[in-house]
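S.K.: below are the sequence and a predicted model for it; my questions follow.
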Amino acid sequence: MTGRGEVPIGRRVAQWRARRRMTQQALADRLGKSKSWVDKVERGARALDKFSLIRQIADVLRVEPAVLLGERPATLVGAAPVDGLDGVRTALARYGGLPQVGCQVSAVELRRQVGHAWLSYQHARYPQVVRLLPGLLDAARGLPRDDAELLVQVYRMASAVLVKLGEPDLAWLAADRAATVAGGDALLAGTAAVAVGQALRAAGRERLALTATFDAAVRLVPALAGTAGDAPEPTPGASAVGGTLLLQAAFAAATCGEVRQAGQLLNRAADLAAGSRDRAGVGQNGDQTPGEDAQRICFGPVVVELARVLVAVERGDAAEAVCRHEVVIRRDGWRRLPAEYRGAYLVDAARAYLLAGDLLGAGRMLVAADAVAPAEVRSRSSARTLLAEIARGRPAPAGVARLTTLAGLTR
């Protein structure tokens with residue numbers, strides 16, 4: 001049974017299983033079948049000739065039966081429109097030279113404005129950040145080269161919010177500008193490489209992201225290469241940025257299917273988090289707060305544990321992801337993370353519950369994410385798609401129907 005499209009239904013099942021980050025065994029368990037049965041279906045060795053069975057598979061994969069039959073393409077929910085993106089694009093297109101007339105500000109004033117914009121970002125006020133960025137980018141172009149740190153911050157912020165709003169190519173451009181400006185300053189280059197890794201991952205270039213972030217981490221913390229036994233202890237700043245780079249590398253490795261490497265990278269990041277805490281005494285759990293974080297980086301033991309949840313989701317291990325999630329959010333360091341970070345994480349936690357077949361749990365996570373950082377749910381394409389999938393459940397979890405209306409997804 002192949003439907004009207006040219007792609008056999010078994011191949012569509014395999015494609016959607018991969019998109020849902022489910023193993024053949026996980027799909028088999030949800031269907032009450034064997035892994036061998038799923039494998040045969042995907043290879044076309046066993047026919048799917050009963051609509052009731054196709055509907056059951058579609059329900060588990062969270063698509064309409066018509067999608068598996070090739071009768072209707074699956075629709076992704078786009079990001080909510082945000083005014084001002086064209087202004088950011090235009091500002092990034094202006095490279096070098098003097099700032100626009102009326103954009104000249106002192107470094108002190110620009111630093112104050114950048115601090116305000118970062119605070120808005122950490123509170124997930126993305127439309128506000130987008131409105132501020134064109135002026136910040138134009139003003140930063142007039143800075144002398146010896147003020148690279150401030151210019152890197154502006155480009156990094158631009159890249160981060162563009163990733164959030166579904167503009168990965170433009171985000172990569174901003175991140176690349178940050179890396180260029182950073183020059184030979186290892187710590188600045190490391191913070192820029194975090195932005196590069198995030199943009200590459202958002203663009204689907206995970207292997208490039210893996211290489212870029214791990215190489216940058218080794219430059220900051222030579223001991224990671226395994227050949228630098230006499231290397232000095234990294235500073236707390238280098239540990240935080242290096243650890244963040246390792247987490248980005250772990251996410252990329254997990255998406256590439258490099259499960260073992262992802263685990264090793266997480267363990268190395270955990271070692272850096274513990275070492276940084278012991279040397280600097282930052283917080284009870286070693287987690288930096290925004291006021292203590294000169295590099296605008298969130299890193300520490302709790303952040304590493306959150307990353308373990310996300311990597312478990314990427315490799316399709318829903319049980320481990322949910323178990324780890326329910327433990328880590330009880331830790332003190334969780335509440336000290338910025339609203340943006342917690343909101344984004346809770347959206348990923350919703351994916352874990354959905355992968356586990358817990359529609360109610362997934363709905364709770366999205367409602368919780370919206371309470372912490374509404375823009376994470378209402379503005380981002382991935383979260384809006386997830387919300388639409390949960391809302392189609394029978395019955396829709398409490399609070400999800402209201403959230404769907406607030407996000408503008410009701411017809």
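M.R.: The structure has been received and is ready for your questions.
S.K.: next, give phi and psi for the nearest residue to Ala339 once chain neighbours are set aside.
M.R.: Spatial nearest neighbour of Ala339, chain neighbours left out: Ala373 (4.7 Å); criterion: C-beta to C-beta, 6 or more residues apart in numbering. For glycine as for every other residue, the C-beta is placed from the backbone atoms N, C-alpha and C. Backbone torsions for Ala373, taken as degrees, to the nearest 10, come to phi -150, psi 80.
S.K.: so Ala373 touches Ala124, yeah?
M.R.: Yes: taking contacts as C-beta atoms under 8 Å, Ala373 lies within contact range of Ala124: 3.5 Å.
S.K.: ok, now which ones touch the closest residue in space to Val311 that isn't next to it in sequence?
M.R.: Spatial nearest neighbour of Val311, chain neighbours left out: Ala254 (4.5 Å); criterion: C-beta to C-beta, 6+ apart. Shown in contact with Ala254 (C-beta atoms under 8 Å, 6 or more residues apart in numbering): 262, 310-311, 314-315.
S.K.: and if we set it to 6 Å?
M.R.: Ala254 makes contacts with 262, 311, 314-315, as judged by C-beta atoms under 6 Å, 6 or more residues apart in numbering.
S.K.: next one: Val322
M.R.: Counting by C-beta under 6 Å, 6+ apart, Val322 touches 352, 356.
S.K.: secondary structure element for it?
M.R.: Assigned by DSSP states H and E, Val322 belongs to helix 318-328.
S.K.: just the C-alpha atoms of that helix, please, in PDB.
M.R.: Taking C-alpha atoms only, helix 318-328 is exported to PDB below (Å, rounded to 0.1, in the frame of the first residue of the first chain):
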ATOM      1  CA  ALA A 318      12.200   9.000  26.400                       C
ATOM      2  CA  ALA A 319      12.300   7.100  29.700                       C
ATOM      3  CA  GLU A 320      15.700   8.300  30.600                       C
ATOM      4  CA  ALA A 321      14.900  11.900  29.500                       C
ATOM      5  CA  VAL A 322      11.700  12.100  31.600                       C
ATOM      6  CA  CYS A 323      13.400  10.500  34.600                       C
ATOM      7  CA  ARG A 324      16.300  12.900  34.500                       C
ATOM      8  CA  HIS A 325      14.000  15.900  33.900                       C
ATOM      9  CA  GLU A 326      11.900  15.100  37.000                       C
ATOM     10  CA  VAL A 327      15.100  15.000  39.200                       C
ATOM     11  CA  VAL A 328      16.900  18.100  37.800                       C
END
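S.K.: hmm, back to that, now do the shared contacts for Ala373 and Ala124.
M.R.: Counting by C-beta under 6 Å, 6+ apart, the common neighbours of Ala373 and Ala124 are 339-340, 343.
S.K.: ranking helices and strands of this structure by mean pLDDT, which lands last?
M.R.: helix 65-69 (a mean of 80; mean pLDDT, DSSP states H and E).
S.K.: measure how far it is from the centre of its chain, please.
M.R.: Here helix 65-69 is found 29 Å from its chain centre; the criterion is C-alpha atoms, centre = their mean, to the nearest Å.
S.K.: output the contacting helices and strands for the helix or strand following that helix.
M.R.: Next along the chain after helix 65-69, taking DSSP H and E as the criterion, comes helix 85-93. Packing partners of helix 85-93 (3 or more C-beta pairs under 6 Å, 6 or more residues apart in numbering; DSSP states H and E): helix 126-140.
S.K.: which residues does the helix it packs on contact?
M.R.: So helix 126-140 is contacted by 82, 84, 87-88, 91, 99-100, 103, 105, 110, 117, 120-121, 151, 154, 158, 161, 164, 375, 379 (C-beta under 6 Å, 6+ apart).
S.K.: 8 Å - rerun?
M.R.: Helix 126-140 is contacted from outside by 82-85, 87-88, 90-92, 94, 99-100, 103-105, 110, 113-114, 116-117, 120-121, 150-151, 154-155, 157-158, 161, 164-165, 375, 379, using C-beta under 8 Å, 6+ apart.
S.K.: what are the ranges of the helices in the stretch 101-250 of the chain?
M.R.: Counting by DSSP state H, counting those that start in this stretch, the stretch 101-250 of the chain has helices at residues 107-122, 126-140, 148-164, 168-182, 186-202, 206-220, 236-255.
S.K.: before I go, just wanted to say thanks for your time.
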